[in-house]
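Chemist: Let me see the structure of the following:
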Amino acid sequence: MRQDDHQAKNQASDAYDYLLKLLVETDDRTRLSAIFNALMTEKEQTELANRLTIFALLQQGMTQREISAQLGVGIATVSRGAKVFEQHQVDEWLTDIGKEIKL
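Modeler: Alright, predicted model coming up:
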C-alpha cells in the first residue's frame with residue numbers, strides 16, 4: 001500500500017472513530033438529527049431507514065419478497081440487508097427493533 005493510501009485510510013478510520021464517539025456522547029435528539037442531516041443526503045437517510053426496517057421485518061419472519069413489496073424497494077436491496085442481518089447477527093444486538101419501528 002502506498003504511503004498516501006495508508007494515510008488516507010488512517011484518516012478515514014480516525015474520522016469514523018470520531019463519529020462513533022460523537023454519537024455515543026450525544027443524547028440530544030435535535031443535535032443527532034442535525035449531525036445526520038449534515039452527513040447524509042435525504043436519499044442516504046432513507047436508505048438507512050429502509051435497512052433498519054428490513055432488519056425489523058426479517059425479525060418478524062417476513063420473506064424477502066414480501067419485504068420488497070411492502071417497502072417498494074428492489075429484491076437486491078432486501079437481499080443485501082438480509083445478508084448483513086445474518087453476517088453481523090443483527091438479531092442479537094437489535095432485539096427490540098420491531099417494537100421501535102411502527103410496521
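Chemist: Now do the closest residue to V84 other than its chain neighbours, the pLDDT please.
Modeler: In this structure, V84 finds its nearest non-sequential neighbour in V90, 7.0 Å apart by CB to CB, 6 or more residues apart in numbering. Every C-beta, even on glycine, is put in place using the N, C-alpha and C of the backbone. pLDDT, V90: 90.
Chemist: Repeat that for K9.
Modeler: The model's pLDDT for K9 equals 69.
Chemist: Near the residue nearest to V84, how many residues? Count them for me, please.
Modeler: 21 (other CB atoms under 10 Å).
Chemist: Next, it: phi, psi?
Modeler: V90 adopts backbone torsions of phi -60, psi -30, taken as degrees, to the nearest 10.
Chemist: my guess is it meets A82, correct?
Modeler: No: in this structure, V90 is not within contact of A82 by CB atoms under 8 Å, at 9.8 Å.
Chemist: pLDDT below threshold where in this structure?
Modeler: 1-3, 6, 9 (pLDDT under 70).
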